[in-house]
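*Asks:* Sequence first, then the predicted structure:
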Number of protein chains: 2
Amino acid sequence: MKLYGYFRSSAAFRVRIALNLKKLDYESAFIHLRRGDQRQPGFLGVNPLGLVPAIETDDTVLTQSLPIIEYLDETYPSPPLLPPDAKDRARVRALAAIVACDIHPINNLRVLRYLLRRLGHDEAAVETWYNHWIAEGFTALEQLLAGDNRTGRFCHGNTPGLADIVLVPQVFNAHRYQSLDLAPYPTIVRIYRTCLELAPFAAAHPDRQPDREP
Amino acid sequence: MKLYGYFRSSAAFRVRIALNLKKLDYESAFIHLRRGDQRQPGFLGVNPLGLVPAIETDDTVLTQSLPIIEYLDETYPSPPLLPPDAKDRARVRALAAIVACDIHPINNLRVLRYLLRRLGHDEAAVETWYNHWIAEGFTALEQLLAGDNRTGRFCHGNTPGLADIVLVPQVFNAHRYQSLDLAPYPTIVRIYRTCLELAPFAAAHPDRQPDREP
């Protein structure tokens, strides 16, 4: 199994955590997104969409981080990343979707570039935009986590799962501008810290990747 | 089961299609998003996040369209909305994610309002933005659909499933400004038309909802 990723891509960060939690060996290919490697023929031959993360197996290429993680969970069931009960699974997937659908896509590199280059905004306007969508999503997420007794040491109970996998890279991103106050989100910050004490999360951190840059 | 929705919300549109495909009876509550019903105490008592769609069951409230649809598929397995093979499931979920993560959130009402009200752009700039992200996503989706022999009458094979459920409301949205040329996406348009010939899709259409407006 080969993972095409980039140290700073939070979608790739999610997949690295899932692979580590499952203790799966994988080979890495580094696609430098800021330099444009994703649009070079080499990578387009693997994934014509030019997106990371992508997982290459013997006979197929899988794309999109959450579908990849669901695939890993179905194919390598131990340890499970989703709880057994259908309503609990819906809860965990909804927590993950608040980050993966309601925050992350709006703050993605290509969107920030559109604001800067095509709409002519300055970095300060982009920073306000970036922090705004994280604050919107984290307000919702904090409420769902703090107000539900199914929340434990992790987002759901006392073992890490899909929601934690998606949360950690987003909290890492929230530090980008150092101007977002995380004090209103104590449950989120607590879970983030708890996760990073675990080897599968710590080893997946952007600062620990071979392709990292200052 | 009660669905909190809004005729024009494409996330609610997805859930209506899934409920219809499963032939599940449900009660409807209409939350007028443009008027701000989602921020009124009545609805916030049900879903503190103020988001539609939400599904209320006897003992819980489920949010986020894709987690709701996965829940329905796990709880009411017939007809299945995902194929049995794990790699095929990953494909269908990835097709759905291109719309649900890479297109729809960036064109959501709250984002368009931010561009208009906070960044002071005019409707023409918003129209260009809106069409840009659909074109980006549809280019990827068309390639994945046209270049894979698992595509059939529908996104995956010859029965409708999760990817079709997510695709149809997005194609409906693509008509919003009538300035987006859909000719480069013949497979997408073909599948959209095929779906709308089916009663579960047609009955879920915004124009057929009791809360519709001109």
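*Replies:* On my side now, so go ahead. These numbers were taken from a predicted model, which means no experiment stands behind them.

*Asks:* tell me the contacts of the nearest residue in space to A:L82 that is not next to it in sequence?
*Replies:* Of all residues not flanking A:L82 in the chain, A:R89 sits nearest, at 4.9 Å (CB to CB, 6 or more residues apart in numbering or on different chains). Where C-beta positions appear, they are placed from N, C-alpha and C, glycine not excepted. Shown in contact with A:R89 (CB atoms under 8 Å, 6 or more residues apart in numbering or on different chains): A:82-83, B:67, B:70-71, B:74.

*Asks:* ok, which stretches of chain A are helices?
*Replies:* A:10-21, A:41-46, A:65-75, A:86-100, A:109-113, A:123-146, A:162-174, A:186-196, A:199-202 (DSSP state H).

*Asks:* quick one: the lowest-mean-pLDDT helix or strand in chain A near chain B?
*Replies:* Across the helices and strands of chain A, mean confidence by mean pLDDT, DSSP states H and E is lowest for helix A:41-46: a mean of 86. No. Using CB under 8 Å from any CB of the partner chain, helix A:41-46 never reaches chain B; the gap is at least 10.6 Å.

*Asks:* Convert the C-alpha atoms of that helix to CSV, please.
*Replies:* Output of helix A:41-46 as CSV, limited to C-alpha atoms (Å, rounded to 0.1, in the frame of the first residue of the first chain):
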residue,chain,number,x,y,z
PRO,A,41,2.2,13.8,-15.4
GLY,A,42,3.8,11.4,-12.9
PHE,A,43,1.2,11.9,-10.3
LEU,A,44,-1.6,12.5,-12.7
GLY,A,45,-0.9,9.0,-14.0
VAL,A,46,-1.8,7.7,-10.6
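
*Asks:* List the buried residues of that helix.
*Replies:* A:43, A:46 (16 or more other CB atoms under 10 Å in any protein chain shown).

*Asks:* and it, how far out from the chain's middle?
*Replies:* Offset of helix A:41-46 from its chain centre (CA atoms, centre = their mean, to the nearest Å): 23 Å.

*Asks:* Mind giving me the packing neighbours of it?
*Replies:* Using 3 or more CB pairs under 8 Å, 6 or more residues apart in numbering or on different chains; DSSP states H and E, no helix or strand is in contact with helix A:41-46.

*Asks:* domain parsing for chain A?
*Replies:* Using automatic domain parsing, the domain parsing of chain A gives A:2-79, A:86-201.

*Asks:* what about these, which gets the closest to B:D25?
*Replies:* Closest approach to B:D25 among the domains of chain A is made by domain A:86-201 (18.7 Å; CB to CB).

*Asks:* hmm, back to that, give me the contact list for the least confident helix or strand of chain A.
*Replies:* Against helix A:41-46 from outside (CB under 8 Å, 6+ apart): A:4, A:29, A:31, A:37-38, A:50, A:54, A:56, A:61.

*Asks:* In strands only, show me the residues you listed.
*Replies:* Within those, residues falling in strands by DSSP state E are A:4, A:29, A:54, A:56, A:61.

*Asks:* can I assume A:G157 is in contact with A:P83?
*Replies:* Yes. Using CB atoms under 8 Å, A:G157 is in contact with A:P83, at 6.9 Å.

*Asks:* neighbour-wise, which of the two wins?
*Replies:* Each of A:G157 and A:P83 has its neighbours counted (other CB atoms under 10 Å in any protein chain shown); A:P83 has more, 18 against 14.

*Asks:* now the farthest one out in chain A, which residue is it?
*Replies:* Going by CA atoms, centre = their mean, the residue of chain A most distant from its centre is A:G120, 28.1 Å out.

*Asks:* show me what contacts that residue?
*Replies:* A:G120 neighbours (CB under 8 Å, 6+ apart): none.

*Asks:* and it, backbone torsions?
*Replies:* Per-residue torsions, A:G120: phi 70, psi 20 (degrees, to the nearest 10).

*Asks:* Please report the distance of it from chain B.
*Replies:* Going from A:G120 to chain B by CB to the nearest CB, to the nearest Å gives 10 Å.

*Asks:* Tabulate the contacts of A:R89 (CSV), appending pLDDT and distance to A:I106.
*Replies:* Compiled in CSV, the contacts of A:R89 are given as follows (pLDDT from 0 to 100; distance: CB to CB, whole Å):
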residue, pLDDT, distance to A:I106
A:L82, 98, 25
A:P83, 98, 28
B:P67, 98, 19
B:E70, 98, 23
B:Y71, 98, 25
B:E74, 98, 29
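
*Asks:* Only the buried subset of these, as a ChimeraX command please.
*Replies:* To isolate the buried ones among the contacts of A:R89 in ChimeraX, judged by 16+ other CB under 10 Å, type:
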select /A:82,83 /B:67,70,71
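
*Asks:* Among the contacts of A:R89, which one sits closest to B:I103?
*Replies:* For the contacts of A:R89, the closest approach to B:I103 (CB to CB) belongs to B:P67, at 18.4 Å.

*Asks:* which residues touch that closest one?
*Replies:* A:89-91, A:93-94, A:96-97.

*Asks:* Chain neighbours aside, what residue packs nearest to it?
*Replies:* Distance criterion CB to CB, 6+ apart; nearest residue to B:P67, sequence neighbours excluded, is A:R93 at 3.5 Å.

*Asks:* Touching, the one you found and B:Q64? I think so.
*Replies:* Yes. The criterion here is CB under 8 Å, and A:R93 meets it with B:Q64 at 7.0 Å.

*Asks:* which residues sit in contact with A:Y185?
*Replies:* Contacts of A:Y185 by CB under 8 Å, 6+ apart are A:138-139, A:141-142.

*Asks:* Taking the ones in strands among the contacts of helix A:41-46, tell me the two that lie furthest apart.
*Replies:* Across the ones in strands among the contacts of helix A:41-46 (CB to CB), the longest gap, 11.7 Å, separates A:A29 and A:V61.

*Asks:* Okay then, goodbye and thanks.
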